[in-house]
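Asker: I'd like to go over a predicted model; first the sequence, then the structure.
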Amino acid sequence: MATNANTTAGECLTAFSDNGTVESSRYFHARRTVLEMLRDRGYDVPDSELTRSLAEFRSLYGRIPNAETLRISVSLRSDPSKMVLVVFMGPVDIIKKQTLKSIHDQIPDKGKLNGLLVIVQSKMTSYAKRELMESYPSKVEIFEPKYEVLTADEKQALLMKHNLEEKQLPLMLKTEAIARYHGWEKGQVVKITHTGGLIHSLVTYRCVV
């Protein structure tokens, strides 16, 4: 795949000074990484999708994108009858079994489904995962983040390493679903590691306000 962990992490760090919304930047990088992976796997991904700039992405999807509009549906170049669907789940308190009905409804032709990738931002219950795997055996990949709160020393080291002030970090509102779920407090910095086969490791940081 064209994007590796170090390159992507570097892009995320430079995005700290981005004048646009953090949400749109995060979705932009995540979606482009998925598209690069799909092309590497042999799927027919248009060049226009991979060359789209962040400004163009915001113009198309808005400054605060609706996760449902970001879904991707592409076919194998070698066999157009086989398609893969990528679904982005928006931030919720927790992804339960009932939530998966929305994913099921987004699949236009289930007989052609060659793969289903689910990109989540919140914790998914074991019951929900099992339901997904049983509904689409051998076809599902789930990419979910791991959250860690930095200690005061780790937070200071991060700021010093990248010559940043706290206000320059991407922000996470204390009222956001994931922050309320974990009970995070203002001033805490959360390290978010995205794994699951998409890339070896994509790390971002957000400061609770």
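Answerer: The structure has been received and is ready for your questions.

Asker: can you find the helix or strand in the chain with the smallest mean pLDDT?
Answerer: Every helix and strand of the chain was ranked by mean pLDDT, DSSP states H and E. The lowest is helix 5-14, at a mean of 38.

Asker: I figured Lys112 was touching Pro80, is that so?
Answerer: No - with contacts counted by Cβ atoms under 8 Å, Lys112 stays clear of Pro80, the gap being 9.2 Å. To be clear about C-beta, it is placed using only N, CA and C from the backbone, and glycine gets the same treatment.

Asker: between the two, which is the more surrounded one?
Answerer: Between Lys112 and Pro80, counting by other Cβ atoms under 10 Å, Lys112 is the more crowded of the two (16 against 11).

Asker: show me the contacts for that one.
Answerer: Taking Cβ atoms under 8 Å, 6 or more residues apart in numbering as the criterion, Lys112 is in contact with 81-83.

Asker: give me the pLDDT for it.
Answerer: Looking at Lys112, its pLDDT stands at 78.

Asker: phi, psi of it?
Answerer: Backbone torsions of Lys112, given as degrees, to the nearest 10, read phi -90, psi 0.

Asker: ok, so what distance separates it from Asp79?
Answerer: Separation of Lys112 from Asp79 (Cβ to Cβ, to the nearest Å): 10 Å.

Asker: which residue would you name as the spatial centre of this protein?
Answerer: With distances taken as Cα atoms, centre = their mean, Ala30 lies nearest the centre of the chain, 4.8 Å away.

Asker: would you confirm that that one contacts Ile119?
Answerer: Yes - with contact defined as Cβ under 8 Å, Ala30 reaches Ile119; the gap is 6.4 Å.

Asker: show me whatever sits in contact with both of those two.
Answerer: Shared contacts of Ala30 and Ile119 (Cβ under 8 Å, 6+ apart): Phe88.

Asker: on the three-state scheme, Val190 is what?
Answerer: Applying DSSP: H, G, I helix; E, B strand; the rest coil to Val190 yields a three-state assignment of strand.

Asker: so it is in contact with Leu150, correct?
Answerer: Yes - with contact defined as Cβ under 8 Å, Val190 reaches Leu150; the gap is 7.4 Å.

Asker: tell me which of the two has more neighbours.
Answerer: Between Val190 and Leu150, Val190 has the larger neighbour count (other Cβ under 10 Å), namely 21 against 16.

Asker: ok, Leu85 - contacts?
Answerer: Listed by Cβ under 8 Å, 6+ apart, the contact partners of Leu85 are 71-73, 106-107, 113, 115-117.
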